[in-house]
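A.B. asks: here you go, sequence then predicted model.
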Amino acid sequence: MWIEIAHFATLIALLLAIVLLAAPLIGIHWQRLVWIRIGRQSAFAICGLLTLASAGLIISFLQHDFSVRYVAEHASLKLPVFYLATAMWGGHEGSLLFWAWLLSLFVAIAAWKHWNTHPVSMPWVLAILGGLLLGFLLLVLFLSSPFERLIPPPPDGRDLNPLLQDPGMVFHPPFLYMGYVGFAIPYAFAMAALITAQGDSEWILATRRWTLFSWAMLTIGIVFGAYWAYYELGWGGYWAWDPVENASFMPWLTGLAFLHSVMVQERRQMFKTWNLFLIITTFALSLLGTFLVRSGVLSSVHAFATDPGRGVYILVFMAILLLFSFGLLTHKADLLKESPQMDSALSREFSFLVNNLFLVAGACTVLLGTLYPLAVETLSSAKVTVGAPYYNKVFIPIMLGMLALMGLGPIIPWQRSSVTRLRQEFLPALLIGIVVTILAPWFGITHGSGAVATGLIFFVGVTHFGDLIRQARIRMGRESLSASRATWLLVTRNKRRYGGLMVHVGTLIMVAGFVGSGLFQEERDLFMAKGDSMTIGSWSLTLESVDKAAKRNWTADEAVIRAERPGAEPLILRPQKRVYNEHSQPTTEAAIHSSWREDLYVVLGDGVKEGVWAFRIYRTPLVSWIWVGSTIMVLGVFWAMMQGRRIKS
Amino acid sequence: MIRVSTIGLLTLWMMAAPLTLEAEVRGEDPTEAKVRQIAKELRCAVCQNQSVYESNSDLAKDMLKLIRDKVSAGESEPQIRDYFFQRYGDYIYLEPTTGGMNKVLWGAPFIGLAIGAVALWSAMRRWRAKAMEESRSDSTRVETDPNLQARIRQELDQVNL
Amino acid sequence: MNNIWKLVLLGAVMAILLLFALGLQNDPRNIPSPLVNRPASDFTAPALQGGGMIKLSDYRGKWVLVNFWGSWCISCVAEHPYLMELAAKTRNRTDFVMLGVDFRDTPEAARAFLARHGNPGYPHAQDPEQKIAIDWGVYGAPESYLVDPGGTIRMKHTGPLFPGWFEQRALPLIQGATKP
């Protein structure tokens, strides 16, 4: 019953998406405001209908309606309610509906918020978003419908993939999708600006919060994914550079480039075309991210069941979008009346450009690495793998350049600076950075890029905090304030700048985490019987017992391990090897003891013979810095978002 | 996860401790580091970019076992890598080789970066020339005290960014 | 200068789209195996049924279809009727035999599989630790290799064999090799 309501609601939403696409265009053509209003109303209606459709699907899950194919394939009677309610995005079809629902929600918010403030672009924005919604709903309804019935219904479902039965996996997709979908709004505004040939800053100001928000959501989504991989997949790592991860990382990089380069446009009215290019690319990569994962183009060897019809549709959709967007960009670029000029290479503007160069080169590298196997297979029918070692060797050096620039960019003044001034401001930081790099090998950081990264962390940290202190001093002197008051005023009056710098500080902490965990991880693979002990780092681990554990839909072997370290309370770690009832493949539940210094990570392997078990134990320094750093990063973005409209002189 | 009180378990352990007399301190098999090094560089053939060492799939486990056997049998790292290469081709190496078409893969990012840098630099020169030209023809621009200029710039910096 | 970027941009977009269009036609089953046209690696393994050992080189002088399968493999169920049909059809051929390699499996589960889906009658080697499978560069199941009478692998087929496979793919090779 509910699934029919959901299906019907989606069908009506599809019809209204046509209205949303066509009505504003009619309104523009015949200069009739009423048509544009119709478009706006249909945006609200689509949002309502898709909310109903999503609710219908979720209710079908909660009712264990296994006559719905999608429910039968992604749930079971024993699946806990929490996962039942979120199983909607556990599979392909539901994720796409979820995507469409988020898009409709954002469209409705944009239609509501920007209606009065952006009357000229609004009809175009609505039409473009209507086109996007139409494309998605066609896919949801006709090529990957979550509303199909399964007759006769099975008595029980196939259950959700055990790896997805995890809070991390519940929150990872929604945030990722919010990021992806969020970029649709700035994209639509950018296209509207191109069509109306108003490449000036209006669209950028309108969408500043959208881009910040989307980028923050993408960050959260990616970090949730990494965190989930870290504690659920049991391999002691968090990032494998697989195509799916890369797909989410590319729009993150270009979105970051965009966040920086828009500031130049706001301030100096330059790089209009470049900014339009970046936002189109970011959204296109977001779509590519969704589709790469979904179309099966990059699927692994034994994915026999990819649907060719779906792939072709997605390809056509992407082709229309890319050719329309980039075609329009090249066609209209000359009308944007740019006359860039720059006083000096030692300026904020130029440093932003170099930043963009690094970020775009980084994004292109990831794109190249992701598509290269596909290209080789297509051109020469050989198969190659581009794995983590490639990215470590190519991508990381590029990002080290980026990191170095991060120390300069925010402090260098707009328009021009003098070498003397730079020397005065950067020399101490630079010296500290160089000294740290040189000394790093004596502290065990023997790996070249690790030493450079450590030096750069200090360099950037010193310039950032040095700048904060300098600015606070100026305020203190001018307004005779206390140090803390001056700092507080500084940080709260200019949320945008200090939010941005907070993101930088978060990045530094993350980089420290990458260096620590990437270069200094220690592993042990060994067999232990009851009572045996082993050492790793300063830890001494003893296997107490291996017991059985069970919960609603799984049973497990659970090892009880006592971990001791001189001068600390002993801990009990309980790694498990779970078998979910509907799946024969066991999953590992690593036991992790996390501290600011290092993570102790214990994985229970197979039983080798009676009473002897295989264990894999990792000691990974500074992993938790990645989670802390990314939290600071996201908070920084939110802080920057809190700043109101730019103050006009 | 089921959490039993830690203290309870500790007491339990203390009671059980005397029974496990033959317990010993286990070290890792000395070949294991080499096994790991090899397994981390090979792709688990059925996974998406995961290494044999990191993957949980059955194939990866058996491949790891095979590597372990070969290392214990005294085979060298190049020999073992070649064994898998003979059977699975380039696909098995997580790090693509640097020969043939792969030169594009390795070179393109750095060449692209270099081209970008050159383009940026030449564009910069053009923009600066334009800025100089304009400032020369711009009669409204008054030369102000450099200190004041710096001050104005600083104020602007504070308001925006 | 001003328009070069437009060409580069549109060119790159077209190239990526073209790549996807061509990539969609890539058959994920068509994995080139470096082992084709190389001597098949010999194996000796316990037979699944009836005891004894199975040795590949015992079949030298005949074309051997080596089929890797497992009772855990879903696609093997789909493939099975064709294997039955092919086994029945080629039973009287003197130049062609079939051989199964049951890998990553237990003999009980494998026998139960054959009992349930039918027993095609040709011998199966057991490979519980998939040593043979890895030695033959197998990714998953089902995968099949065609070995010529001289013991060289002549063809690999990834995924279920489809009805008509023998006539379309194998016979041309077999006849082509005997004719000249």
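C.D. replies: Structure's in. What do you need?

A.B. asks: tell me if the lengthiest helix in chain B is near chain C.
C.D. replies: Across chain B, the helix with the greatest residue count (assigned by DSSP state H) is helix B:102-137. No. No part of helix B:102-137 sits near chain C under the criterion Cβ under 8 Å from any Cβ of the partner chain; the closest distance found is 9.3 Å. C-beta coordinates here come from the backbone N, C-alpha and C atoms, glycine included.

A.B. asks: give the buried residues for that helix.
C.D. replies: Neighbour-count burial for helix B:102-137 flags B:102, B:105-106, B:108-109, B:112-113, B:116, B:120, B:124, B:127-128, B:131 (criterion: 16 or more other Cβ atoms under 10 Å in any protein chain shown).

A.B. asks: measure how buried the closest residue to chain B within chain C is and give me the count.
C.D. replies: Going by Cβ to the nearest Cβ, chain B is nearest to residue C:137 of chain C, at 3.5 Å. Residue C:137 has 24 neighbouring residues, counting by other Cβ atoms under 10 Å in any protein chain shown.

A.B. asks: check contacts around the spatially closest residue to it that is not a sequence neighbour.
C.D. replies: In space, and not counting its chain neighbours, residue C:137 is closest to residue B:87: 3.5 Å by Cβ to Cβ, 6 or more residues apart in numbering or on different chains. Counting by Cβ atoms under 8 Å, 6 or more residues apart in numbering or on different chains, residue B:87 touches C:34, C:35, C:134, C:135, C:136, C:137.

A.B. asks: residue A:330 too?
C.D. replies: C:6, C:9, C:10.

A.B. asks: pLDDT check: weakest of these?
C.D. replies: Ranked by pLDDT, those bottom out at residue C:6, which scores 89.

A.B. asks: can you tell me the SS state at it?
C.D. replies: helix (DSSP: H, G, I helix; E, B strand; the rest coil).

A.B. asks: just confirm it contacts residue A:334, I think it does.
C.D. replies: No. Counting by Cβ atoms under 8 Å, residue C:6 stays clear of residue A:334, with 9.5 Å between them.

A.B. asks: so the two - more neighbours on which side?
C.D. replies: Neighbour totals were compared for residue C:6 and residue A:334, and residue C:6 leads with 17 against 13 (other Cβ under 10 Å).

A.B. asks: how many residues are close by residue A:284?
C.D. replies: 22.

A.B. asks: separation between it and residue A:566?
C.D. replies: 55 Å (Cβ to Cβ, to the nearest Å).

A.B. asks: residue A:608 now?
C.D. replies: The value you get for residue A:608 to residue A:566, if Cβ to Cβ is used, is 31 Å.

A.B. asks: again, but for residue A:47
C.D. replies: Residue A:47 is 59 Å from residue A:566, by Cβ to Cβ.

A.B. asks: more crowded one of those two?
C.D. replies: Counted by other Cβ under 10 Å, residue A:47 and residue A:566 do not tie: residue A:47 has more neighbours, with 24 against 7.

A.B. asks: element containing the more buried one, please.
C.D. replies: helix A:33-62 (DSSP states H and E).

A.B. asks: list the buried ones in that helix?
C.D. replies: A:35-36, A:38-40, A:42-47, A:49-61.

A.B. asks: give me the buried positions along the helix or strand where residue A:366 lies.
C.D. replies: Here residue A:366 sits within helix A:348-380, counting by DSSP H and E. Using 16+ other Cβ under 10 Å as the test for burial, helix A:348-380 gives A:348-378.

A.B. asks: so which of those also contact chain B?
C.D. replies: Among those, chain B is touched by A:348, A:350, A:353-354, A:357-358, A:360-361, A:364-365, A:368-369, A:372, A:376 when using Cβ under 8 Å from any Cβ.

A.B. asks: picking that back up, what's the helix holding residue A:47 packed up against?
C.D. replies: Packing contacts for helix A:33-62, counted by 3 or more Cβ pairs under 8 Å, 6 or more residues apart in numbering or on different chains; DSSP states H and E, involve helix A:2-30, helix A:69-74, helix A:81-86, helix A:92-113, helix A:122-138.

A.B. asks: and chain B, is the third one touching that?
C.D. replies: Pointing back at helix A:81-86 there. No. Judged by Cβ under 8 Å from any Cβ, helix A:81-86 makes no contact with chain B; its nearest approach is 15.1 Å.

A.B. asks: and that helix, what does it pack against?
C.D. replies: Helix A:81-86 is packed against helix A:33-62, helix A:167-182, with contacts defined by 3+ Cβ pairs under 8 Å, 6+ apart.

A.B. asks: just the CA atoms of it, as PDB, please.
C.D. replies: Taking C-alpha atoms only, helix A:81-86 is exported to PDB below (Å, rounded to 0.1, in the frame of the first residue of the first chain):
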ATOM      1  CA  VAL A  81      14.800  -0.800  13.700                       C
ATOM      2  CA  PHE A  82      17.600   1.800  13.400                       C
ATOM      3  CA  TYR A  83      19.000   0.100  10.400                       C
ATOM      4  CA  LEU A  84      15.500  -0.600   9.000                       C
ATOM      5  CA  ALA A  85      14.800   3.100   9.000                       C
ATOM      6  CA  THR A  86      18.000   3.900   7.300                       C
END
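
A.B. asks: now do the helix or strand hosting residue C:22 against helix A:348-380, angle only.
C.D. replies: Taking DSSP H and E as the criterion, residue C:22 maps to helix C:4-25. Going by axes from the mean of the first three to the mean of the last three Cα atoms, to 10 degrees, helix C:4-25 is angled at 40 degrees with respect to helix A:348-380.

A.B. asks: buried residues in helix C:4-25?
C.D. replies: Those would be C:6, C:9, C:10, C:13, C:16, C:17, C:19, C:20, C:21, C:23, C:24, for helix C:4-25 by 16+ other Cβ under 10 Å.
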